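*Asks:* Okay, here's the prediction I keep looking at, along with the sequence it came from:
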Amino acid sequence: MLRRTKKETATSVLLGDDAVRSASLSGAINNILAENELRNEAIRAMFNPITGEGSIGERRKIGISDFPIPVQYIPARMMQVLLVRQLVEAGSVEAFFHELTDEKAEYTNEERQKIIEQYVRIRCRHDFAFWAALYVFIKKKGGGEDILFRLNRPQRKLIARLEKKRLAGKPIRLILLKARQWGGSTAIQIYMAWLQLIHKVGLNSLIVGHVKDASNVVKDMFDRMIKEYPISMLYKLGEEYNEKEPKMVGVGNSGNIHRIPQRNCKIMIGTAEKPDSARGGDYNLVHCTEVGLWKKTEGKTPEDIIRSACSGILLKPYTMIVYESTANGTGNFFHREYLAAKNGKSQFDAMFVAWYEIEQYAVPFVSIVSKHDFASWLYNNRNNEAANSDREEPGTYLWWLWQQGATLEAINWYIQERSKYTSHADMASEYPSNDIEAFTFSGRRVFSAEDVEQFRAACRPPKWKGEIYGRADEGEQAIENLRFQKEENGRLFMWQDVERDEEEEVLDRYLVIVDVGKGHTEKADFADILVIDRLYMMDGEQPTVAAEWHGHIDMDKLAWKAAQVAAYYNNALLVIESNTLETNNTKGEAEYILTLVRDVYGSQLYARKQSAEDVKQGLPKKYGFHTNTLTKPLIIHNLKTVVREHLYIEREEECLDEYLTYVETDKGGFEANEGYHDDRLMTRAIGMQICFHEMDIPRIVKKNESINKIMKKKAVSAATI
């Protein structure tokens, strides 16, 4: 039971425990309602693309008294333009005119319009949202006349990401994972048009869809826009033009290429069905749409199509490649590329928009009372892991949505929409709450997202990166003269270095667990060596991840690497997961590798405890932790409890991603979802079982005590499973 403060105790005496609990509940609900109002205010916040209020990027408020828009919030960078700066300083168009001309010059409406048009053109170049709302017509959802393009919230988030790259002078590379119905493809295509029509002459663009109809739908956005676009805007200010001249003409007989002669640029469409349709062009801007639907067939892969479309694009400013799609399962090209971008292993950035960021996915409450009741229900069920039916979510999940930033109105919509689907996976594929949910799961998630999120705050980059070296890479000398060497590309991430004391030793402090990979190639599973510091368990506190080695390596080299790490951390108990060794080598070879390490590392190499019958028969010890149909459910269920109760401190954020993508299969087994890994997870699963159930609490002894005598008294081996 948690300790009470003196104030809480006094309150409890005066009012009684029930009254205290009631007051606490009322306060929690009031806090939820207050926070909900703040979130709704942010959603309703002013966005006016014409004045610029609430628009994208850093803004500066200016006043030009006789301008058609007298008060504006312009991009701050516009103030670097001399005309803008002088106009703002003058305070009016007329004053600006007189400052730049002879006092006797006549200020006519024609002169006024020239200055206004110059200014508007400058702002169009700096302010995409302003240009789009002024000149770009798009199809109205639900039918009716075309409307001017006014960015919604997710579209503003997207354009802000694109603009960040452009303004930094960097090439734009983005992978967009979409929820449905917010206009991500529209925003991308119109942004490309802005680069072509406003910024650079000669920028050619390519649209590639999974089928020709999909490509045509995206190109139709461009067609609608150019049809209504003022022809004067295709020329420099003051250039002559013919109002009746064509703004877009076909090139060749295929019907797939069109040209805007005034800007000397082309718009081409291709399809994933016909990779050659996208081959050989001189492109600067490529929009690959619904990439998740691109199928691998004989003689054609998504990689081939991308190579055809994008191989000639240089990595320089004012080039742009975007892959966008809703999710369509895992393990495919789009899924792999998104993960690579998310993990910083690609030149692309990854972006995701959750369903609750889209304004239309919200259902208002009929009254203040009903909203209060809903907030109360949500709070009271925040720890309820049971769902009433397969068309509902448990309270823990709905509470997690609230913690992620969804409004009560959005959660209210989600509950109603969820009743259409018989599984969470089906709902998540249409309306994902995060990028992991977006890719449909083939099984039931083992660890709840809200439990996993508890660990994120303590995750951080390592203090040091490097490798541990001894006199040799293997054999007795491998663990002699051990030293940690900092290396930029080192695979040992260290959050806590080993602690040593000249007078005292902490026994059972460090634990090292090894998950063995299946080879050293990049496509093989990763090997993982985890170091856990158990020091503060002496005071009833949590063990902590101290270091982790992660990479590809041959199995025998991994065993010696693990021995070096364990020896460096004060001769820690070393636990090597053995079934990968036994599966990928003959049993004799597996035992040989472990025996070699045992002969050097001694009794601190983990061995499975022998049964009485084994001892009676004089059978040799079996080294390593064996994960099988009996032990795996045990360690996974134990890890589930550890994660739910937040019983250890995690440092590596990528481990949390493994928790979120670990599923229970239809046959009752456990595995990483397709395209993901579980090597970090497995070292935690084995480690937490041994840490909490098979090791003594750490204790301090004097260095002059015989460690060997103490070790003989200990039960190093695990209990029989």
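*Replies:* Looks like it came in fine.
*Asks:* Can you show me the CA trace of stretch 435-450 as PDB?
*Replies:* This file holds the C-alpha atoms of stretch 435-450, laid out as PDB (Å, rounded to 0.1, in the frame of the first residue of the first chain):
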ATOM      1  CA  ASP A 435       2.400   3.200 -37.500                       C
ATOM      2  CA  ILE A 436       2.800  -0.300 -36.000                       C
ATOM      3  CA  GLU A 437      -1.000  -0.800 -35.900                       C
ATOM      4  CA  ALA A 438      -1.200   0.300 -39.500                       C
ATOM      5  CA  PHE A 439       0.300  -3.000 -40.700                       C
ATOM      6  CA  THR A 440      -2.300  -5.700 -40.100                       C
ATOM      7  CA  PHE A 441      -1.300  -8.200 -37.500                       C
ATOM      8  CA  SER A 442      -1.600 -11.900 -38.100                       C
ATOM      9  CA  GLY A 443      -2.000 -12.700 -34.400                       C
ATOM     10  CA  ARG A 444      -3.000 -11.200 -31.100                       C
ATOM     11  CA  ARG A 445      -0.500  -8.800 -29.600                       C
ATOM     12  CA  VAL A 446       1.200 -10.200 -26.500                       C
ATOM     13  CA  PHE A 447       2.100  -6.900 -24.800                       C
ATOM     14  CA  SER A 448      -0.400  -4.100 -24.600                       C
ATOM     15  CA  ALA A 449       0.700  -0.700 -26.000                       C
ATOM     16  CA  GLU A 450      -0.100   1.100 -22.800                       C
END
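*Asks:* how far does that stretch sit from the chain's center?
*Replies:* Counting by C-alpha atoms, centre = their mean, to the nearest Å, stretch 435-450 is centred 14 Å from the centre of its parent chain.
*Asks:* ok, now stretch 44-59?
*Replies:* 27 Å.
*Asks:* quick one: buried residues of that stretch?
*Replies:* 47-52, 55-57, 59 (16 or more other C-beta atoms under 10 Å). The C-beta positions use only the backbone N, C-alpha and C, and glycine is treated the same way.
*Asks:* mind listing which of those residues are in strands?
*Replies:* Arg59 (DSSP state E).
*Asks:* With distance to Asn381 and pLDDT added, can I get the buried residues of stretch 44-59 in TSV?
*Replies:* Shown next, in TSV, are the buried residues of stretch 44-59 (distance: C-beta to C-beta, whole Å; pLDDT from 0 to 100):
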residue	distance to Asn381	pLDDT
Phe47	35	95
Asn48	40	96
Pro49	41	97
Ile50	45	97
Thr51	44	97
Gly52	43	96
Ser55	39	96
Ile56	38	96
Gly57	41	94
Arg59	42	96
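*Asks:* Now the two most distant members of the buried residues of stretch 44-59.
*Replies:* Farthest pair in the buried residues of stretch 44-59 (C-beta to C-beta) is Ile50 and Gly57. Separation: 15.8 Å.
*Asks:* ranges for the strands of the stretch 51-200 of the chain?
*Replies:* Taking DSSP state E, counting those that start in this stretch as the test, the strands found in the stretch 51-200 of the chain are 59-63, 71-75, 137-138, 147-148, 172-177.
*Asks:* Out of those strands, indicate the one that is most buried.
*Replies:* Each of these was scored by mean neighbour count; the highest is strand 172-177, a mean of 22, by mean count of other C-beta atoms under 10 Å.
*Asks:* Return the set of residues that bridge with the nearest residue to Lys212 once chain neighbours are set aside.
*Replies:* With sequence-adjacent residues excluded and distances taken as C-beta to C-beta, 6 or more residues apart in numbering, Lys212 is closest to Thr271, at 4.8 Å. Beta bridges link Thr271 to Gly209, judged by DSSP bridges.
*Asks:* Give the burial count for Thr271, as a bare number.
*Replies:* By other C-beta atoms under 10 Å, 21 other residues sit near Thr271.
*Asks:* and it, how far is that from Ile305?
*Replies:* 9 Å (C-beta to C-beta, to the nearest Å).
*Asks:* which residues does Thr186 contact?
*Replies:* 138, 149, 155, 221 (C-beta atoms under 8 Å, 6 or more residues apart in numbering).
*Asks:* helices or strands up against the longest helix seen in the chain?
*Replies:* In the chain, taking DSSP state H as the definition, the longest helix is helix 17-44. Judged by 3 or more C-beta pairs under 8 Å, 6 or more residues apart in numbering; DSSP states H and E, the packing partners of helix 17-44 are helix 6-15, helix 368-380, helix 408-418.
*Asks:* Okay, angle between the second one and helix 17-44 too, please.
*Replies:* Angle, helix 368-380 to helix 17-44, by axes from the mean of the first three to the mean of the last three C-alpha atoms, to 10 degrees: 110 degrees.
*Asks:* buried stuff in helix 368-380?
*Replies:* 371-372, 374-376, 378-379.
*Asks:* Could you provide the residues you listed in JSON lines, with additional columns for distance to Asn489?
*Replies:* Formatted as JSON lines, the buried residues of helix 368-380 follow (distance: C-beta to C-beta, whole Å):
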{"residue": "Lys371", "distance to Asn489": "54"}
{"residue": "His372", "distance to Asn489": "56"}
{"residue": "Phe374", "distance to Asn489": "52"}
{"residue": "Ala375", "distance to Asn489": "50"}
{"residue": "Ser376", "distance to Asn489": "53"}
{"residue": "Leu378", "distance to Asn489": "47"}
{"residue": "Tyr379", "distance to Asn489": "48"}
